[in-house]
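Enquirer: Please work out how this folds:
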Amino acid sequence: MSENEAGRVAARDERRIETQGWPLWEVFVRAKRGLSHVHAGSLHAPDAQLALRNARDLYTRRQEGVSLWVVRADDITASSPDERDSFFDPAGDKVYRHPTFYDVPDDVEYL
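Expert: So this is what the prediction gives:
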């Protein structure tokens, strides 16, 4: 290994050691107004402000975003795909949530 390559490996290892204690942040980008935020990736940062700045630099370099969210990965709770049936089926027996028995006036076009 050349001296230059050894220096790059040492620098990479040093950065890895620095970020080991930093929390993981999930990054969500909204491409245009009116669209939803979409998960773009994740990064390590010591706090929310630096996570937001790093996310801007990493995920919106070509001005493809109008809004960014960064959320600590530890703060995200998600349903499991394995529990899909048992988790989402209880809504099926609540017919009052489905507007099937409401009369829609003829004047209403977009409902």
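Enquirer: and residue 28, helix, strand or coil?
Expert: Three-state call for residue 28 (DSSP: H, G, I helix; E, B strand; the rest coil): strand.
Enquirer: So in the protein, where's the weakest helix or strand by average pLDDT?
Expert: None of the helices or strands of the chain scores lower by mean pLDDT, DSSP states H and E than helix 3-19, at a mean of 61.
Enquirer: Can you name the residues that contact the residue nearest to residue 73 when sequence neighbours are not counted?
Expert: With sequence-adjacent residues excluded and distances taken as Cβ to Cβ, 6 or more residues apart in numbering, residue 73 is closest to residue 24, at 4.1 Å. All C-beta atoms are positioned from the backbone trio N, CA, C, and that covers glycine. Neighbour list for residue 24: 42, 43, 44, 72, 73, 74 [criterion: Cβ atoms under 8 Å, 6 or more residues apart in numbering].
Enquirer: And these, which two are furthest apart?
Expert: The largest separation in the contacts of residue 24, counting by Cβ to Cβ, is between 43 and 74 at 14.2 Å.
Enquirer: Neighbour count for the two, which is higher?
Expert: residue 43 (19 against 9; other Cβ atoms under 10 Å).
Enquirer: distance of that one from residue 26?
Expert: For residue 43, the distance to residue 26 equals 9 Å [Cβ to Cβ, to the nearest Å].
Enquirer: helix or strand for the residue nearest to residue 27 when sequence neighbours are not counted, which one?
Expert: Nearest non-adjacent residue to residue 27, counting by Cβ to Cβ, 6+ apart: residue 55, 4.3 Å away. Using DSSP states H and E, residue 55 falls within helix 48-59.
Enquirer: I'd like the next helix or strand past that helix.
Expert: Following helix 48-59 in sequence, per DSSP H and E, is strand 67-72.
Enquirer: And the next helix-or-strand element following that following strand, what does it pack against?
Expert: Using DSSP H and E, the next helix or strand after strand 67-72 towards the C-terminus is helix 84-88. Helix 84-88 is packed against no helix or strand, with contacts defined by 3 or more Cβ pairs under 8 Å, 6 or more residues apart in numbering; DSSP states H and E.
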